[in-house]
Each structure stands twice: as C-alpha cells, then as structure tokens.
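S.K.: coordinates only, sequence not included:
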C-alpha cells in the first residue's frame with residue numbers, strides 16, 4: 001500500500017477518485033507541528049532555533065498517521081505547492097519518523113487525474129530552501145508578535161496585538177483617514193453642455209478657450225502615493241455664467257472629425273490579489289470569504305491553486321480554451337496563437353500559474369447543480385476571466401468631434417466623444433460596453449446649443465480603502481504575499497482596529513489610531529513600508545537559495561530588541577490616559593479616560609482600590625437610548641452590557657436573573673412589507689450583517705445593504721447604500737442608481 005498525505009480531507013477525497021486500490025490518501029488536517037501557543041518557542045541565543053510541538057488537537061491524527069506509515073510500502077507527501085505546504089511536508093516527515101532528506105514529495109497546480117499521475121511519475125525531495133523561507137517568516141512573525149504585543153498590553157490594555165504585516169496594513173488605513181480629515185474641499189463651477197443636430201441631442205465638454213486648455217490637474221502627495229484630481233473648472237459662478245451666455249449666443253460649427261478603429265484586449269487571468277479585488281467589487285465577498293470559497297473549489301478539483309502572483313497559463317489549458325471558444329462561440333472569437341501575459345508586480349514568481357478552471361470544458365452552467373451559490377459565483381468569475389483572456393480583442397469605432405464656438409471676442413473649443421462596438425470579442429464572455437452614438441456630421445457643419453446647465457462641484461477627498469483597493473495597495477508596495485492578504489485584514493477586524501461603513505469602506509477605530517500612533521512613534525522600522533517590503537524580498541531570496549535565514553532574522557532582531565528594551569523603560573502607561581477635570585463621586589480621586597476591551601471608558605485613577613467607572617461614547621449613547629427598559633422576567637431595570645459579540649441588554653439583577661436580549665441597531669426606516677415594523681441591523685448565522693424587519697418572524701422582509709429611507713422613483717422599492725457613494729434600488733430586477 002502506498003500512502004499519500006495531504007492537508008485537507010476534501011483534497012484527500014478528490015484525489016482518491018483518481019487513484020486505484022494501491023493507494024491510500026489521508027489528510028493531516030493542516031499543520032501537525034507549530035511553535036507553542038503560550039511561550040515564545042524561539043531560542044534567541046542559539047541561532048533563533050525554533051521549538052516545535054504537536055498541538056493537542058493534532059495528537060490523535062499524528063498517531064493514526066504514524067500507524068499507517070509503518071504499514072505503508074511508500075509514503076508520499078502531497079501538501080500544497082507553496083512555502084507553507086513545503087513546511088507542512090517537512091513537519092510531517094519529522095513527526096512520522098521519515099528522514100526529511102529521503103522523503104518523497106509531489107506537487108501539482110491542479111487536482112486532476114492527469115496532474116496527479118504526472119506528479120506521481122516524478123516525485124522530488126523536500127525543498128529546504130522553501131522550508132527555511134517559511135520558517136523564517138514564522139519566526140519573524142512570532143518575534144514581533146510575542147515581543148511587541150506585550151508592550152501594547154502594558155502601556156495601553158491587554159488583548160491588543162501587533163504584527164509585522166498587520167501593523168503596516170493598519171498604517172495605510174490610518175494614514176488615509178488622516179489625509180481625508182486634513183483635506184480641504186474646494187468648490188468650483190462647471191458646465192453641462194448639450195448640443196443638437198436635427199433634433200438629435202448629444203453631450204459635449206468645454207476643452208479650450210482662446211487656445212488655452214481649461215482642464216487642470218491637482219496632485220496631492222499621500223502616504224501611499226500621488227492622488228490626482230482632474231477638473232474642468234471655473235472659480236466663480238459669475239465667471240461660468242458669463243461663459244454660459246457666450247456659448248448660448250455663439251456660432252457653432254464642426255471643426256474636426258477624427259474616426260479610428262480601436263481595439264481593447266482582455267485582462268489577464270486572475271492572481272490571488274486580482275481575484276480578491278474583483279470578487280469584492282463584483283460579488284460583494286470579503287477577501288477572507290473569497291479565499292475560503294476558492295480553497296474549496298481547488299480542493300474539489302474545479303480550479304487550480306489559488307495562492308499565486310503569476311498570470312501565466314499552461315499551454316495545455318490555453319489550447320483547451322481555444323478549442324472551447326471555437327466550439328461555443330465560433331472561429332472569429334478565437335486567437336490564431338495563445339495570448340501570453342507578463343506579471344510586473346514586486347516579487348511575482350513567473351514559474352507559477354494563474355488561477356484558472358482545471359478543465360475549461362467544465363462551463364459554469366454544467367456545474368450549477370453541483371456547486372452551492374458562492375462556489376458557483378466564484379467559479380463563474382474565474383472561468384469567464386480565463387476564457388476571455390484567450391479570446392479575440394473587442395473592436396470599436398471611435399469618434400472624436402471638435403466643435404468651434406465663436407462669438408465677437410472669444411473662441412471656444414468643445415469636444416464630443418462617441419464609440420460604437422463593431423465586434424464584441426472577449427466582451428461576449430467577460431465585461432460590458434455601452435455605446436455612445438453621435439449623429440452623423442461633416443466638417444464645417446453648423447450645430448446649435450440645446451441646453452447648458454451650471455454645475456457646482458467640490459474637489460473629492462482621497463477615498464477610503466475598501467478591501468479590494470487595500471489588497472491592491474499592499475501588492476503594489478510589496479507588503480505581504482498572496483497567502484497573507486485575507487488573514488491580515490481579518491485580524492484587523494477581529495482586534496476592532498478597523499470597521500466598515502455602509503459603502504463597505506474601511507476606517508480606523510479609536511484603538512486603531514492609538515496602536516498605530518504608538519508603533520509609528522516608537523517602532524518606526526516595523527511600521528516602515530520600505531523595510532517591510534525589503535523583508536519580503538529577503539524571504540524570497542531565502543526561498544531561492546540566495547540567502548541564509550538565520551542572518552536575516554539576526555539583522556532584524558538585534559536593533560529591534562535594543563529599541564524595545566529602551567521603549568519599555570521610556571514609555572509610561574499614564575502617557576495614554578487622558579486626565580479629566582472631574583473627581584470620582586465614590587472616593588474623590590481624579591477621573592481618567594482609559595481604553596478597555598470595548599473602547600474608551602471613564603475610571604478612577606485610584607484603581608484597584610476604587611473601581612468606579614462611567615460609560616462613554618457609543619456605550620453611553622446606548623445606555624441613554626435603552627434607559628427605562630424593564631426585564632420581562634423579574635421587572636428589574638435592563639442595563640447595557642458587553643460580550644463577545646458586542647453590546648446587549650442584561651438584567652441588573654444578575655446573577656439572580658440571567659435574562660438577556662439584543663439591542664436593536666435601528667435605521668429609522670419603516671418596513672415596506674408589513675408597514676408596522678422597523679428595519680434594524682441584524683447578523684446572519686455566519687456573522688454577516690443584514691437589515692431586516694424587527695417584527696421577525698411575523699415579517700421576514702430583509703436586505704443585504706442598509707436602506708437610505710428613500711424609495712426608488714422607478715419601482716417604489718427601498719433605495720440602499722451602494723459602493724462609491726452611490727445609492728441603488730434594492731429590487732433585483734430594477735436597475736435604478738444615483
């Protein structure tokens with residue numbers, strides 16, 4: 001019997017289908033060894049030697065695998081092909097008394113019969129360079145986490161955490177929030193111009209006045225790069241009113257017509273980063289949800305490995321895509337030769353392959369009955385993006401018309417752009433295009449003004465990040481790697497450092513600001529984006545055999561440990577406690593503002609002798625809103641308490657009475673279905689926020705997005721907040737948006 005060991009039981013089940021009776025496929029259920037949970041586990045004085053243990057939850061699994069290993073004629077380690085998978089293979093060998101130097105290792109980018117058989121034909125040894133790179137990452141993260149987090153506990157409060165990648169990611173969000181706060185909006189005026197030819201109306205923009213361009217660009221220097229604001233602007237209403245009158249009375253004629261055929265090529269197939277960005281914007285998935293669903297699709301054999309930064313496709317997959325394109329869409333949609341893409345981000349590993357369907361012939365529709373809703377949505381996205389990448393370009397007829405508007409003193413130039421799709425190409429599968437059709441015109445032809453409206457606008461502040469744009473900025477700056485984006489963002493949410501607003505934009509909480517500011521001020525190296533990116537490059541060099549891992553750790557740790565020791569003595573807890581001009585009503589001591597698990601609160605400076613506290617901020621508001629609420633079981637007052645899942649109402653007679661109930665996060669919007677209840681924010685079983693009627697279960701009306709309180713002018717359904725500051729109709733069949 002030949003024993004194959006993988007990480008996931010789903011992966012084991014899928015591989016078993018492809019192999020005969022000679023093989024037994026078992027799962028390790030992930031990591032079988034790790035650093036100890038409650039101690040550092042790294043011997044700093046002896047070459048940063050890590051101490052690995054088998055966690056209690058893995059003990060039985062390792063014992064079972066050891067028994068199977070003794071019975072097996074051959075043991076093959078088939079963990080994932082990335083560094084973490086390589087490290088798991090090494091840990092398995094060590095735990096199962098297999099010589100790591102002699103252990104047989106196979107890797108595959110997709111879980112298909114041909115890929116598994118090919119891998120079994122040519123097993124390799126464990127790559128110790130990859131193991132060292134993963135070990136270096138684990139040790140680095142442990143040193144930062146276990147040394148820096150206690151510093152935050154002592155100086156601010158327990159339960160806080162810091163991380164090498166996590167803290168820099170938090171800095172991006174905090175810096176952006178501060179840039180938004182500092183941003184000074186400027187009002188400017190613009191014109192909305194409608195021109196007319198034989199009762200056909202079309203839009204035009206003002207381009208020039210007396211040979212000078214009117215559009216200006218404002219460039220802001222931000223923490224994460226330049227932010228450019230383009231605007232066609234006039235400073236005062238009086239100025240724009242003058243131009244409006246001049247244009248309304250001007251002679252207009254077509255000055256120049258430019259026609260050309262343009263092509264648009266498809267985007268490359270997905271990398272981990274672009275998959276997360278697109279799933280967030282198109283499907284509304286979080287980065288964590290995207291990776292969980294993609295993991296399941298990979299383990300079930302539907303897609304290739306989902307942690308990759310390459311846009312390469314195998315020749316076999318491209319030829320399979322071409323065959324399907326010709327069969328399903330026709331010869332004109334197929335390419336004469338496969339299209340290759342080059343990935344140009346920091347640290348891209350071109351030897352890997354992009355995320356694609358394992359078998360392009362398995363269309364989304366053919367799998368609809370086999371996949372649950374989320375798997376189907378994500379597979380559909382991956383399949384369409386890969387197939388489109390191998391389709392012919394879309395072809396457009398582009399038209400640019402320059403219109404000259406003359407009056408007695410000035411000459412204005414207006415521009416109208418139009419485009420018409422001649423051949424949809426890849427857009428037939430992935431993407432959309434709306435035509436902008438202009439009337440037929442000739443040079444020298446006279447036109448007239450249909451309407452000109454004045455528009456008062458404000459320069460837009462830099463936008464907050466959403467998960468998609470945050471992942472993009474991390475990738476652009478070389479912060480983390482494909483496997484780290486989702487867990488990093490999830491950790492920031494779990495620590496209550498950041499939150500999402502109705503538009504799914506990220507903003508820092510008070511504790512997030514404080515942690516960031518402390519780390520930036522006292523541990524600038526850890527918070528420096530260039531330094532963090534350099535560490536990632538060093539890890540890549542370790543994986544490539546160009547560097548040894550211990551010197552990399554030593555070069556980081558020596559100055560870090562020295563600085564930590566100095567700051568532990570220098571920084572006082574009192575530095576983060578705001579003194580209030582109030583006395584404690586119980587003991588007369590000074591009241592101070594402190595940070596607790598659930599945010600700021602007021603406490604007596606004589607703690608622990610005096611335990612007086614006051615609620616503040618959100619908790620105080622909740623207490624006021626729910627004042628007078630009585631316990632339906634014993635009649636005592638209900639008070640606001642905090643628990644693992646947030647604030648709730650609990651009986652003041654606790655522990656004699658243990659009655660509790662949730663606090664309604666009201667929207668102030670009346671339920672349109674029962675017309676008696678109110679729409680409140682609720683949580684699904686999976687912890688996802690949604691908005692439903694508080695008369696549930698009598699009324700089951702629900703929405704995934706927060707209602708604005710307004711109704712759709714087209715169909716009368718509720719409008720909800722959408723991305724990019726927009727509002728849209730909550731009815732699926734209605735396309736209204738504003």
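M.R.: Structure received. Treat the numbers as computed from the prediction; the structure is a model and nothing was measured.

S.K.: Give me the below-cutoff pLDDT ranges for the stretch 451-600 of the chain.
M.R.: 597-599 (pLDDT under 70).

S.K.: what pLDDT does residue 369 get?
M.R.: Looking at residue 369, its pLDDT stands at 94.

S.K.: One more: residue 675?
M.R.: For residue 675, the predicted pLDDT is 87.

S.K.: Go ahead and list the helix or strand containing it.
M.R.: Per DSSP states H and E, residue 675 falls between elements, in no helix or strand.

S.K.: Now do it against residue 729, distance only.
M.R.: 19 Å (Cβ to Cβ, to the nearest Å). To be clear about C-beta, it is placed using only N, CA and C from the backbone, and glycine gets the same treatment.

S.K.: again with residue 235
M.R.: Distance from residue 235 to residue 729, by Cβ to Cβ: 37 Å.

S.K.: Looking at those two, which one has more neighbours?
M.R.: residue 729 (22 against 11; other Cβ atoms under 10 Å).

S.K.: what's near enough to touch that one?
M.R.: 712, 714-715, 717-720, 735-737 (Cβ atoms under 8 Å, 6 or more residues apart in numbering).

S.K.: where does residue 146 land in three-state SS?
M.R.: helix (DSSP: H, G, I helix; E, B strand; the rest coil).

S.K.: typo on my end, it should be residue 167
M.R.: Here residue 167 is recorded as helix under three-state DSSP.

S.K.: And for it, the neighbour number?
M.R.: The burial count for residue 167: 23, using other Cβ under 10 Å.

S.K.: That one contacts residue 517, doesn't it?
M.R.: No - using Cβ atoms under 8 Å, residue 167 makes no contact with residue 517, being 11.5 Å away.

S.K.: How much space separates the residue most central in space within the chain from residue 26?
M.R.: Centrality entry for the chain: nearest residue to the mean C-alpha point is residue 467, 2.6 Å, by Cα atoms, centre = their mean. From residue 467 across to residue 26, the span is 35 Å (Cβ to Cβ).

S.K.: sorry, back to before: so what's the residue nearest to the centre of the chain up against?
M.R.: Neighbouring residues of residue 467 by Cβ under 8 Å, 6+ apart: 276, 280, 286-287, 489, 504, 506.

S.K.: For beta bridges, what are the partners of the nearest residue to residue 672 once chain neighbours are set aside?
M.R.: Excluding the flanking residues, the one nearest residue 672 by Cβ to Cβ, 6 or more residues apart in numbering is residue 718, at 5.9 Å. For residue 718, the beta-bridge assignment (DSSP bridges) gives partners residue 711.

S.K.: quick one, strands of the stretch 451-600 of the chain?
M.R.: With DSSP state E, counting those that start in this stretch as the criterion, the stretch 451-600 of the chain has strands at 498-500, 506-508, 578-583, 590-596, 599-604.

S.K.: neighbours around residue 648, how many?
M.R.: Using other Cβ under 10 Å, residue 648 has 15 neighbouring residues.

S.K.: That one reaches residue 664, doesn't it?
M.R.: No - with contacts counted by Cβ under 8 Å, residue 648 stays clear of residue 664, the gap being 10.8 Å.

S.K.: Tell me which residues are up against stretch 261-268.
M.R.: Here stretch 261-268 makes contact (Cβ under 8 Å, 6+ apart) with 274, 311, 339, 341, 343, 354, 385, 388-389, 391, 393-398, 419, 422, 425-427, 430-431.

S.K.: Among the residues you listed, which are located in helices?
M.R.: 274, 385, 388-389 (DSSP state H).

S.K.: returning to that earlier point: in a markdown table: the contacts of residue 729, plus neighbour count, pLDDT and distance to residue 323.
M.R.: Listed next are those as a markdown table, based on neighbours: other Cβ atoms under 10 Å; pLDDT from 0 to 100; distance: Cβ to Cβ, whole Å:
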| residue | neighbour count | pLDDT | distance to residue 323 |
| --- | --- | --- | --- |
| 712 | 19 | 91 | 45 |
| 714 | 11 | 87 | 44 |
| 715 | 13 | 89 | 44 |
| 717 | 18 | 91 | 44 |
| 718 | 23 | 92 | 47 |
| 719 | 22 | 92 | 46 |
| 720 | 21 | 90 | 43 |
| 735 | 10 | 82 | 36 |
| 736 | 15 | 88 | 42 |
| 737 | 11 | 85 | 39 |
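
S.K.: quick one: the strands in the stretch 201-350 of the chain?
M.R.: Using DSSP E, counting those that start in this stretch, the strands found in the stretch 201-350 of the chain span residues 212-213, 215-222, 225-232, 251-264.
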